[in-house]
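Student: Give me the fold of what follows.
(chains A and B)
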Amino acid sequence: MALGGFFGRLKQGLSRSTQKLTEGITTVFKKRRLDDEALEELEELLISADLGTEVAARVIDTFRRTRFGTEVTDEEIKTALAEEVSAILTPVAHPLVIDHARKPHVVLVVGVNGTGKTTTIGKMAQLYREQGMRPVLVAGDTFRAAAVEQLQIWGQRTDAPVIAGPPNADAAGLAFQALTQAKAEGADVLLIDTAGRLHNRSVLMEELKKIIRVIRKQDPEAPHSVLLVLDATTGQNAIQQVRVFREMVDVTGLVVTKLDGSARGGIVVALAQEFGLPVHAVGVGEQAGDLRPFDAGDFARGLVGT
Amino acid sequence: MFEALSDKLGGVFDRLRGRGALSEADVNEALREVRLALLDADVALPVVREFVAKVRERAVGTEVLDSVSPGQQVVKIVNDVMIEQLGGAGAVPLNLTAVPPVPILMVGLQGSGKTTTAGKLGLRLRERLRRKVLLASLDTQRPAAQLQLAQLAERAGVPSLPIVAGQTPVEIARRAMDTGRREGFDIVILDTAGRLSINQELMAEVTEIRAATNPVETLLVVDAMTGQDAVNTAKAFNEAVGVTGIVMTRMDGDARGGAALSMRAITGAPIKLTGISEKLDGLEDFHPERVAGRILGMGDIVGLVEKASETVDQEEAEKLARKMAKGQFDLEDYAKQLKQITKMGSLSGILGMLPGVGKIKAQLEDANLDTSILKRQGAIISSMTPKERRAPDIIKASRKKRIASGSGTSVQEVNRLLKQFDDMSTMMKRMNKLGQKGLMRHGLSAIMPKGMAPRNRPY
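Tutor: Predicted coordinates for the structure are as follows:
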């Protein structure tokens, strides 16, 4: 991905999503005293961005200690709020680093249904192709109708080979075979798509563990990355999703999708505090180029609209 | 992480026990908890405000009944208002009264489950109502989306509109309606591409589709895990296409589903259906009274009963109940019960459906109790002789040692099981003595062995 104009692109992607919050803050803080009432309104603004009641209260507490009673403009408030959010997010902003010594670096992509796993893999394939790597895609969602075809179209678009099996084939077996093939072909990255599954369905979570067990027979260190794809419109349940997926399959990082909508993805702040898992990238559209590295400062500024 | 609302309110009102009418101060304190509980359940902020105002209006000045605590009284009011706001008791059926082919339009965000729901709806209308249904995908955005619906249609035994490459969604919609008329279909289900509520171009497109087909039902498909953004989505879609019904998907997940309340409040449209599995028959009517408890964290008794009736062998259960009533319950029966519990899934999942057990659940989670213990207990019982199972009193030191080595456990574990069985027998005897009325009056604490009794009476 071209880094030039990156900030502009992220801001563009996030701008719509933040418009609302910005309007809110602007109406609340047109140079006024930061008193209890003002703080309460600010807390509610954070809550309506999906930060959750606890995290919002914590952020506001810091404000209370440092700025209570001072006269502030909305600009000052936004900057301060962005700094606050950014401080929470900075420790988790790490891009996914592909280890070229692995050949291939195995990335398992997991998540609940409809979060955008397949689309994200398509975008990642595009990114790695642009960086001169050889990604190979594995159509591991053998359950949902036409999921294989969906990934195959992404393979054509990004000129990346797609390994697929027959419908309802065993995803673990397919992943094993794909790893063998990717190794033989000297691929740099193996991106394994999986069927969406609700984290409270233990049978389906066991299936996911099986995929890992099986590919470890070939490479004891694989998968080298396990990405959990999260939908930015998700509310507080995202915390439970991350908790269970992490326990079951050792999630190594997150990708947050659909940030180009009206959802503000504030749950990411709560997740950073609760788990400290790296957030690798954000999805801001349906096109191949719409995957951006996650930048804490940018995200925070985008969130509060400065 | 969520304590049941009833437990929280129990805490707020503990010191208020024995007073008369609910004062405004009491109510305000309780409503702070209600507000937090709703926000934690992902009900959107403006909807929470409205909700809390309604509860306040109704609660202030209400006489607290002798038999319940003020906390329980408020919970009751909250629950009543919740059911009302979700649409009252009972399910609202789809409106299908129009000149066939009746168009049904599916709209929503990306990944909310429109296509899967369209397939499920096709199956449901074909099987339950014996209608001739045509499925048509207008999704030209997402790769292979049209193929996905075609495959689902085939599985559901419902015809789908042949895919013609290069057509716009509006053209496909017109073709679908023409085909419906020409080939005598009763219903045409139009599945649209997922779109963001702020994408004006795509929202204009769906408005155009609506104008071209004049659907009787425009169903907004919403993920039960949706957070605060539910408000924006509901508003935008309602303004663009006039939502007539809502489908909540992924209700088989463990999200509290506050989005249901938000959606209903913003659009005013009833929630008509819920998606409860990935399978094609996983579509059910929406029952407000069941979902109310779930949003409030007060348990879903009906859901529990349904889950139990799905997995528990009815005849076996009745036999056990008769034995319990007669006080003839032995370890053999206990083993059978263990097996049925294991079939129902994790213990905390089951307990989560029970009202008023938030505290016990937390204790159990602390104790790290899981179903593997049940399996071990099952193994211990299988290592006993039939005689020992019928009369556990005869199990002394050497029998314990044999049972422990036979089941790969330890004597301590055998002891624990025997003690637990003993507690259970005591509980059952007390339960029989109290009878059903006594149990209602005194609650769970009357039969629990000491130390396990919940602090609050169950709601």
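Student: so which helix or strand takes in A:Val269?
Tutor: helix A:267-275 (DSSP states H and E).
Student: and B:Met106, what is it in contact with?
Tutor: Going by CB atoms under 8 Å, 6 or more residues apart in numbering or on different chains, B:Met106 touches B:114, B:117-118, B:121, B:189-192, B:219, B:221, B:247. (Glycine included, C-beta is placed from N, CA and C.)
Student: Secondary structure of it: a helix, I assume?
Tutor: No: read with DSSP: H, G, I helix; E, B strand; the rest coil, B:Met106 is strand and lies in no helix.
Student: Write down the beta-bridge partners of it, one by one.
Tutor: B:Asp191, B:Leu219 (DSSP bridges).
Student: Distance of it relative to B:Pro392?
Tutor: Distance, B:Met106 to B:Pro392, by CB to CB, to the nearest Å: 58 Å.
Student: ditto for B:Gly378
Tutor: Distance from B:Gly378 to B:Pro392, by CB to CB: 15 Å.
Student: cool, and A:Arg64?
Tutor: Going from A:Arg64 to B:Pro392 by CB to CB gives 61 Å.
Student: who's more crowded, these two?
Tutor: B:Pro392 (19 against 14; other CB atoms under 10 Å in any protein chain shown).
Student: ok now do that one, which residues does it touch?
Tutor: Contacts of B:Pro392 were listed using CB under 8 Å, 6+ apart, and they are B:330-331, B:418, B:421-422.
Student: Give the PyMOL command for selecting the buried subset of those.
Tutor: In PyMOL, a selection of the buried entries from the contacts of B:Pro392 looks like this (16 or more other CB atoms under 10 Å in any protein chain shown):
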select buried, chain B and resi 330+331+418+421
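Student: need the strands for chain B, in chain order.
Tutor: Assigned by DSSP state E, the strands in chain B fall at B:102-108, B:133-137, B:187-191, B:217-223, B:245-249, B:271-275, B:283-285.
Student: Kindly compare burial across the ones you listed and name the winner.
Tutor: strand B:187-191 (a mean of 29; mean count of other CB atoms under 10 Å in any protein chain shown).
Student: Throw the strands of chain B into CSV and include mean pLDDT, thanks.
Tutor: Below are these laid out as CSV (pLDDT from 0 to 100):
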stretch, mean pLDDT
strand B:102-108, 97
strand B:133-137, 97
strand B:187-191, 97
strand B:217-223, 96
strand B:245-249, 96
strand B:271-275, 95
strand B:283-285, 92
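Student: For B:Gly166, find the nearest of the ones you listed.
Tutor: strand B:133-137 (14.4 Å; CB to CB).
Student: Do any residues in that closest one lie close to chain A?
Tutor: No: using CB under 8 Å from any CB of the partner chain, strand B:133-137 stays clear of chain A, coming no nearer than 10.2 Å.
Student: Which one of the residues in the stretch 1-150 of chain A is closest to chain B?
Tutor: Using CB to the nearest CB, the single residue of the stretch 1-150 of chain A nearest to chain B is A:Gly114, 3.0 Å away.
Student: what's the nearest residue to that residue if we skip its chain neighbours?
Tutor: Leaving aside its chain neighbours, A:Gly114 sits nearest to B:Gly111 (3.0 Å; criterion: CB to CB, 6 or more residues apart in numbering or on different chains).
Student: wait, what's in contact with the one you found?
Tutor: With CB under 8 Å, 6+ apart, B:Gly111 has these contacts: A:113-116, A:231, A:258, B:194, B:223.
Student: Now it: phi and psi?
Tutor: phi 70, psi 10 (degrees, to the nearest 10).
Student: for the residue positioned nearest the centre of chain A, what are its contacts?
Tutor: Taking CA atoms, centre = their mean, the centroid of chain A lies closest to A:Val255, which sits 1.7 Å from it. With contacts defined as CB under 8 Å, 6+ apart, A:Val255 is in contact with A:120, A:227-230, A:279-283, A:291.
Student: The helix or strand harbouring it pairs with which strands, and in what direction?
Tutor: Using DSSP H and E, A:Val255 sits within strand A:253-257. Applying DSSP bridges to the sheet, strand A:253-257 is found paired with strand A:225-231 (parallel), strand A:279-283 (parallel).
Student: If I look at the nearest residue to A:Leu46 once chain neighbours are set aside, what pLDDT would I see?
Tutor: Spatial nearest neighbour of A:Leu46, excluding adjacent residues (CB to CB, 6+ apart): A:Ala56 at 3.9 Å. In this prediction, A:Ala56 carries a pLDDT score of 91.
Student: and the contacts of B:Gly111 as a markdown table, adding distance to B:Arg130?
Tutor: A markdown table is the format used below for the contacts of B:Gly111 (distance: CB to CB, whole Å):
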| residue | distance to B:Arg130 |
| --- | --- |
| A:Asn113 | 30 |
| A:Gly114 | 31 |
| A:Thr115 | 36 |
| A:Gly116 | 37 |
| A:Asp231 | 37 |
| A:Lys258 | 39 |
| B:Gly194 | 31 |
| B:Asp223 | 31 |
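Student: Pull the most distant pair out of those residues.
Tutor: Longest distance between any two of the contacts of B:Gly111 is 13.8 Å, between A:Asn113 and A:Lys258; criterion CB to CB.
Student: more crowded one of the two?
Tutor: Applying other CB under 10 Å to A:Asn113 and A:Lys258 shows that A:Lys258 carries more neighbours, namely 29 against 24.
Student: Can you lay out the contacts of B:Pro392 as CSV showing distance to chain A and pLDDT?
Tutor: Formatted as CSV, the contacts of B:Pro392 follow (distance: CB to the nearest CB, whole Å; pLDDT from 0 to 100):
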residue, distance to chain A, pLDDT
B:Asp330, 31, 82
B:Leu331, 28, 83
B:Leu418, 30, 88
B:Phe421, 27, 82
B:Asp422, 31, 83
